[in-house]
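1. Below: sequence and its predicted model.
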Amino acid sequence: MNDNMSVEQVQTEDLKAFEQRLTEVVGYLRPYAWRWTVLLIVIAVCTACGAWYWLLDEETSKVSFIQSLKNHPFFASSGSTLIILFMAGIHKRVISPAIITARCRKVLANFNMSCDDTGKLILKPPRSRSTPYRPNTRWPNDQQSDQTTHQHNQ
């Protein structure tokens, strides 16, 4: 830190660096999320088309389930692929930028800030001095300490 820099300048630079890193992370994840989304849509459409032909086949009701899947390998393979993709977490990869920004919003709320879907910081107006900051977490002894504080204030 330079001796000529004030605390506010350092804080501003820290916020800018955090915002830049957050936008980089979200920007990096977006193309991958888009690719996973396209893959998911393609496999889902293939599964739906295969299911349509599988259900329209008159043989399906006359043979065993395993034999009907053997008769329709396109449906069996696309359906299996779809199941494997969901088990591997494709649904999380599709929405990964939204997960990152939601978690950042939750943390930034403690600092009276937020961020948009691209990772840009949003500064909220300061809280009034009459209402001090109180975290949302409450400890089991808080009721007791609140009563003690209330008694001391009277």
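-> Cool, got the structure.
2. so where do the helices sit in the protein?
-> 7-56, 65-71, 73-88, 90-94, 96-108, 142-153 (DSSP state H).
3. Which neighbouring elements make contact with the shortest one?
-> Read that as helix 90-94. Here helix 90-94 touches helix 7-56, going by 3 or more C-beta pairs under 8 Å, 6 or more residues apart in numbering; DSSP states H and E. C-beta here means a position set from N, CA and C on the backbone, and glycine is covered the same way.
4. who does the helix it packs on touch, helix- and strand-wise?
-> helix 73-88, helix 90-94, helix 96-108, strand 121-123.
5. would you turn the ones you listed into JSON lines with distance to S114?
-> Output for the helices and strands packed on helix 7-56, formatted as JSON lines (distance: least, C-beta to C-beta, whole Å):
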{"stretch": "helix 73-88", "distance to S114": "31"}
{"stretch": "helix 90-94", "distance to S114": "23"}
{"stretch": "helix 96-108", "distance to S114": "5"}
{"stretch": "strand 121-123", "distance to S114": "4"}
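6. With mean pLDDT and distance to S61 added, can I get the ones you listed in TSV?
-> Converted to TSV, the helices and strands packed on helix 7-56 look like this (pLDDT from 0 to 100; distance: least, C-beta to C-beta, whole Å):
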stretch	mean pLDDT	distance to S61
helix 73-88	96	15
helix 90-94	91	32
helix 96-108	92	42
strand 121-123	88	58
